[in-house]
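Visitor: here is my input; please provide its structure:
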Amino acid sequence: MALNTQIVISARDMATQTYRRMGNELSRLKQNIASMGTAAAGVAAGAGGLGYLVNRTLQATEEINTLHKTTGIATKTIQEYQFAANQAGVSQNRMNDAMSEMTQRMGEAIADFKRTGGEITEMGEGFEAAGISMQQLQEMTPTQTLNHLARAIRNAENEQEALNIAVKAFGDESGRSMVAMFRESEKSIQAYKQRAHELGIVLDEDLIEKSTEARKKVETLTTVMGAQWQRIVGDLAPEISNLADSMAEWVENNQKFLKQDV
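Guide: Predicted structure coming up:
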């Protein structure tokens with residue numbers, strides 16, 4: 001008898017005006033979402049998938065392009081050495097830091113040489129140790145300088161001499177990593193570079209430029225779709241608010257029912 005009474009009370013409570021209103025508001029919310037969001041949802045899903053797949057692919061090419069523009073090192077050389085570094089157990093980030101540090105020291109060494117009237121400052125010691133005079137350094141491209149340093153480190157008579165060149169040209173931490181990488185035989189380094197080309201890892205500079213532009217457009221599309229969804233949610237805010245109020249009212253009016261062990 002007690003169980004039947006509970007069922008009757010439960011049925012009565014669930015049939016209240018509040019519960020019916022909550023159901024109506026939920027129905028309207030579903031209809032609005034369907035009418036306003038169907039087309040947008042399809043586009044957003046495509047944009048989201050595009051962003052996930054494309055951005056991961058394009059991010060690396062954008063980083064290569066940025067490194068090329070800030071260091072002056074050829075994109076082909078950057079990609080070859082990045083792959084060789086990974087094969088030699090040196091992280092790509094460390095390789096990138098080494099290239100950036102080298103070009104910065106290269107510029108400062110030349111500026112110091114001109115400013116002092118021909119003196120070799122600390123920034124130029126690594127290049128001199130590798131057999132590059134300041135006059136030669138002024139005529140060399142960053143790509144040529146990097147390749148020359150790689151050969152000098154590899155051909156150094158001992159580890160200490162190699163470390164002296166590397167640390168002064170690339171900085172302490174990056175220099176030590178460059179010793180670990182460039183002290184491998186020339187055959188190994190060249191094999192790594194050739195393998196990078198065979199695997200299609202080395203992209204043309206024109207393709208890198210286009211990839212960078214594509215990533216910018218994907219980011220723009222993602223931003224636009226995000227704004228569209230914010231607008232949709234804003235339009236649905238009254239229905240969402242009414243539904244939340246109705247649910248809160250229903251819970252408040254049915255505390256006894258919710259506490260029952262049915």
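
Visitor: show me where the stretch 151-262 of the chain has its helices.
Guide: 159-170, 172-182, 186-198, 205-253, 255-259 (DSSP state H, counting those that start in this stretch).

Visitor: compare the mean pLDDT across the ones you listed and name the weakest.
Guide: Within the helices of the stretch 151-262 of the chain, confidence is poorest for helix 255-259, with a mean of 60 (mean pLDDT).

Visitor: quick check: buried residues in stretch 76-85?
Guide: Buried residues in stretch 76-85, counted by 16 or more other CB atoms under 10 Å: 76-85. C-beta: built from backbone N, CA, C; applies to glycine.

Visitor: just stretch 89-97 next, same as before
Guide: In stretch 89-97, counting by 16+ other CB under 10 Å, buried: 90, 94-97.

Visitor: and it, what's its mean pLDDT?
Guide: Rounded mean pLDDT across stretch 89-97 is 94.

Visitor: what does stretch 73-83 give?
Guide: 95.

Visitor: quick one: the strand or helix carrying residue 110 to helix 159-170, angle?
Guide: In this structure, residue 110 sits in helix 92-115 according to DSSP states H and E. Orientation of helix 92-115 against helix 159-170 (axes from the mean of the first three to the mean of the last three CA atoms, to 10 degrees) gives an angle of 80 degrees.

Visitor: tell me which residues are up against helix 92-115.
Guide: 63, 67, 70-73, 78, 81-82, 85-86, 119-121, 123-124, 126-127, 134, 137-138, 142, 145-146, 149, 169-171, 173-175, 177-178, 181 (CB atoms under 8 Å, 6 or more residues apart in numbering).

Visitor: same for the helix or strand following it, what does it pack against?
Guide: Remark: after helix 92-115, the chain's next helix or strand is helix 125-129, criterion DSSP H and E. If you count contacts as 3 or more CB pairs under 8 Å, 6 or more residues apart in numbering; DSSP states H and E, helix 125-129 packs onto helix 92-115, helix 134-139, helix 142-154, helix 159-170.

Visitor: show me which positions of helix 125-129 end up buried.
Guide: 125-129.

Visitor: now those residues as TSV including distance to residue 210 and pLDDT?
Guide: Converted to TSV, the buried residues of helix 125-129 look like this (distance: CB to CB, whole Å; pLDDT from 0 to 100):
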residue	distance to residue 210	pLDDT
125	41	95
126	36	96
127	35	97
128	40	96
129	40	96
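
Visitor: nearest to residue 206 among the residues you listed?
Guide: residue 127 (31.6 Å; CB to CB).

Visitor: hang on, isn't that closest one packed against residue 169?
Guide: Yes - using CB atoms under 8 Å, residue 127 is in contact with residue 169, at 6.3 Å.

Visitor: that'll do, ta.
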